[in-house]
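>>> What follows is a predicted structure for the sequence shown.
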Amino acid sequence: MELFSYSLRKLATGIPLIIGVTLVSFLLMVYFGPDKTFELVGKNPTQEQIDEIRAQLGYDQPMVVRYLDYLREIVTLDFGNSESTGERINALLARTIPVSIAVALPGFILGNLLGVGLGLLAAFYRGRWPDKMIMGSAAIGMSISFLIVIIAFQIILSSSYGLNLFPVRGWSVDSFGDYVSYVTVPTLATVFVALGYNTRFYRSVIVEETTRDHVRTARAFGVPSLQLYCKLILKNCLIPIITRIMFSIPFVVISGSLLIESYFGIPGIGKVTYDAIITGDQPILKAVVALTAIMLVVVQLLTDIMYRWVDPRVSLK
Amino acid sequence: MAEPLLRVRDLAIEFDTQYGTVRAVDGVSFDIYPEETVGLVGESGCGKTVTGLSLLGLIPKPPGRIAAGSIEFGGRDLATASEEELRTIRGSEISMIFQEPMTALNPVFTIGNQMADVLARHKGLTDSQARTEAIEMLGRVGIPSPARRVDEYPHQLSGGQRQRVMIAMALSCNPKLLIADEPTTALDVTTQAQVLEQINKLQEEFRMAVILITHDLGVVAETCQRALVMYCGKVAEQAPIEELFAQPRHPYTAGLLSSIPRIREDRPEHLPIIAGRVPDLLHLPAGCRFAARCERALDRCQTEQPELGEKTASAACFNPVPV
Amino acid sequence: MNAAAEELDPVGLSDAAPESLWTKGLYKFRRDRVGMWSFAVVLLYVGIALGVWLGFWATGWADLAGGKWEPVSGAHWFGTNIIGQDIFDRAIYSTKTSFEVGLVVAVLATALGAILGAIAGFFSGSWLDELILWLMGVLDSIPFLLFVAAIAYTLQSIPEISKYSMHIAMIVTFWITAGRLVRGEVIKLKEMEYVDAAHALGVPEYTIIFRHILPNTAHILLVQATITFVAAIKSEVILSFLGLGVKDSMSWGLMISESSQEVLAGFFNNFLAASVLLFGLVMAFNLFSDALQDALDPRTVAD
């Protein structure tokens, strides 16, 4: 019950964020955005045809009404149809979000797990050569553009100039074997790019924690290093770790990895978003923006609840 | 007299800093006998805490290291012992408690969990045995309703109670030596007295030796049989308590004692202070480190370093305060 | 002294070194070999970019100077691309583009962050602070690429500005980190005695904020500006690749975009030239930024 009322209050405080995000996007993309009348009318249109299209697009309505219309779409979770294909947006989302999750999840999990592991290792050997090696590699990894990594991995792993092990691009998955063959290169690229940033972040969190008094106490009572780092220190670092992981989820699920999906031609939400950006398919963009904001608010709530679960000092107020 | 429990000889501890290498502790020697309480006294930065940490191999390295000397304990030299060897000693044969009861316990584990961990490791107890033992220890250090407290987290306890938990944890494996680093400094005065009394009482029960590291001469006077006064990384004077307070030989000790505020009949206009400041460890003088601030300094004090004698009461001084 | 402070400064040496943060920072930076080398590489790139800007070299980046996919030769150091343009010239010219984007975005985003962060911090708890925090939260929550696209849509009808929509979008999103850092620092600084003193003397609030408090966050701003610079040039490459970035000019992102078809046909010069130059600049700038941060961090006395 306490949790329930807390959740309600927390979600309510998320409303200004949702309003802000949707309002800013609405103004930029739709209200001040391109006038689409002449894309939709035929050649040499009559004034009636023009007026009809404008009414259909809602251009004859005042801004407030059109924005309220958008809010109504959000509340009812019904975003209408795509302008370019006419597909129902809800159906489109249901079709593409699972693909995006399937593409992004392995890399997301591996990137964070390896990041924490390497961060622990570097923190343990702080100032000595394993630390220098790991952090040097992280600095190099952080300096290579995502784009270059994707193309280089594609050449090395998927082209006849390299090992030629995986399909160059696309996504036709019918079995687990297909899944592995299509997901490997995007996953490796994502991990390669994320690992530098993750390792650096996690190392600094862990190093900060090793300077705390309770770590000295643990050492003074003979706690072995493995237990000290992997249990005592790590549990104290969970708050920043959870925060980082949780807050990247909405962007992974909703925007997908736009670059990965459009480069590899994977029909996920990222590619749909990219195509919508290029064609100016406003209903899709409006849906993606709104869903991201809603997910962020939900993630904030979940993160707060998780804080209490990992740190007894946190109480839900 | 019995064999000493701990024999420290010519201990030197260095730290690398961006300004160069400094010797935070330089040529410190002392003995600790079973079941005695010895005060290690000095201002902050004099090397007393670093000395205490080095006895358990807890000097952070890098940047620190034991550069020279030996720490004999139970037939081993702790200065050169491996991390594995030290780990079996920490918390079982030698325990240490710290100044900050607020932060010294791990905030995300229950106190029972933290105590049971020590017991399981050093005594090989099962979880339920360790828990029972932990509850008993909490009772012995004066925590009310220990069976309930054992499942609480550190932030649910007061500062004094947390320090009691630390003491319970430190004594749970019957150590032969307890190193208490400013155990009461962060507590309010009434709690301070209670905790000190508790340490004294438990020392008799557990028949262990205690090294009490403090800057507070009052605390030393109340609890210790002997004291070592440290100044700038060296031992300036060592003596039994009565002698030290009645007839300090080293001018620094004398200065420290006279600067304690107390109610006196003569009411001096100013509280006496020691003039000047502690030399920084990068630019140490060639002679006695206290010479620049010393009223009794001779020419010799500027060029030669005085040595501490072997006797139980001795001062590292060429011109000690006359008896 | 707690364990953390003790470890950084085991014997209280920080008291013994009363120089200013900047003098100490310069001293530390000059002893940092990696930092000095990376700074030298950054300066080399600055020289290249300046040369392009002054018209010393790479003037023929758009000329059809040779045939399709010519190999490396004395005339074309990195060969030519699919329509016969000189890859070396294009790669060198792109250095200027990168610096333009990086500098404009880093300077303006940091300045915007400094101003809004300082105002929010100084009036922390007031409606103004709430408003700025809300704005930060909102801008942080819009997926970056969508935001760039949205800005581009809005500016479409104004062609003089629309080619800068990428710059504007980056400035509007990248100021937030600087803003949050400055806000936190100002909240600390405004409790200092000299601020109370200025208040007591009747110094106007905006003078206190911008003349007395903000200069004390300069070390944070400098480091943040270098981080923003790197973020901007990396984003430029991806945005240009996706067709949302640089227009009517040349950039490493556009070169990589061109090359993404070429590499599948086995022609790597375009890709390698852009990638290597981009990597060199980003790596050097990252290391430079790290060294700067180490040198200017008041907490690290010895590490």
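Cool, the structure landed.

>>> Where do the domain boundaries of chain B fall?
B:6-224, B:234-262+B:269-315 (automatic domain parsing).

>>> Please work out which of those is packed deepest.
Most buried of the domains of chain B, by mean neighbour count (mean count of other Cβ atoms under 10 Å in any protein chain shown): domain B:6-224, with a mean of 20. C-betas here are computed from N, CA, C, even on glycine.

>>> And that one, end to end?
17 Å (Cα to Cα, to the nearest Å).

>>> average pLDDT for it?
Domain B:6-224 carries an average pLDDT of 90.

>>> thinking again about what came up before, can you list the domains of chain B in TSV and add distance to chain A?
As requested, those are exported to TSV (distance: least, Cβ to the nearest Cβ, whole Å):
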stretch	distance to chain A
domain B:6-224	4
domain B:234-262+B:269-315	21
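
>>> Tell me which of the ones you listed approaches residue C:283 most closely.
domain B:6-224 (25.8 Å; Cβ to Cβ).

>>> Tell me which residues are up against the helix or strand of chain A with the lowest mean pLDDT.
None of the helices or strands of chain A scores lower by mean pLDDT, DSSP states H and E than helix A:37-40, at a mean of 71. Identification of contacts with helix A:37-40 by Cβ atoms under 8 Å, 6 or more residues apart in numbering or on different chains yields A:50, A:53, A:54, A:56, A:57, A:59.

>>> Quick check: residues of chain A near chain B?
Residues of chain A found near chain B (Cβ under 8 Å from any Cβ of the partner chain) are A:127, A:212-214, A:216-224, A:232, A:235-236, A:238, A:310-313.

>>> how does it look with 6 Å?
A:127, A:213-214, A:217, A:219-222, A:232, A:235-236, A:311-313 (Cβ under 6 Å from any Cβ of the partner chain).

>>> now for these, which pair is the farthest apart?
Greatest spatial distance among the residues of chain A next to chain B (Cβ to Cβ): A:127 and A:312, at 32.6 Å.

>>> ok, the two, which is more surrounded?
Comparing residue A:127 with residue A:312 by other Cβ atoms under 10 Å in any protein chain shown, the one with more neighbours is residue A:312, at 16 against 12.

>>> Which of the three states applies to the more buried one?
coil (DSSP: H, G, I helix; E, B strand; the rest coil).

>>> how about the nearest residue to it, chain neighbours excluded?
Nearest residue to residue A:312, sequence neighbours excluded (Cβ to Cβ, 6 or more residues apart in numbering or on different chains): residue B:153, at 4.3 Å.

>>> shaky segments in the chain?
The chain I'm using is chain A. When residues are selected by pLDDT under 70, those of chain A lie in A:38, A:255-256, A:316-317.

>>> The chain in question should be chain C.
Within chain C, the ranges that satisfy pLDDT under 70 run C:1-19, C:299-303.

>>> now the helices for it?
Using DSSP state H, the helices of chain C run over residues C:3-8, C:21-31, C:33-53, C:87-122, C:127-141, C:144-155, C:159-162, C:165-189, C:193-200, C:205-207, C:218-241, C:252-262, C:269-296.

>>> Then the stretch 1-150 of chain B?
For the stretch 1-150 of chain B, applying DSSP state H, counting those that start in this stretch gives helices covering B:48-55, B:83-89, B:111-123, B:127-140, B:146-149.

>>> State whether residue B:103 and residue A:213 are indeed in contact, as I suppose.
Yes - with contacts counted by Cβ atoms under 6 Å, residue B:103 reaches residue A:213, the gap being 4.1 Å.

>>> interface residues of chain B facing chain C?
B:15, B:17, B:18, B:19, B:22, B:24, B:45, B:60, B:280, B:281.

>>> what's the answer for the stretch 201-317 of chain A, then?
With the criterion set to Cβ under 6 Å from any Cβ, the stretch 201-317 of chain A comes near chain C through A:211, A:213, A:216, A:255, A:258, A:277, A:292, A:293, A:296.

>>> any idea which of those is closest to chain B?
When these are ranked by distance to chain B (Cβ to the nearest Cβ), residue A:213 comes first, at 4.1 Å.

>>> Close to chain A: what parts of the stretch 101-250 of chain C are there?
C:137-138, C:141-143, C:145, C:149-150, C:153-154, C:156, C:234, C:237-238, C:241.

>>> and the helices of chain C as CSV, adding mean neighbour count?
Below are those laid out as CSV (neighbours: other Cβ atoms under 10 Å in any protein chain shown):
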stretch, mean neighbour count
helix C:3-8, 19
helix C:21-31, 15
helix C:33-53, 16
helix C:87-122, 23
helix C:127-141, 17
helix C:144-155, 23
helix C:159-162, 12
helix C:165-189, 22
helix C:193-200, 12
helix C:205-207, 11
helix C:218-241, 23
helix C:252-262, 22
helix C:269-296, 22
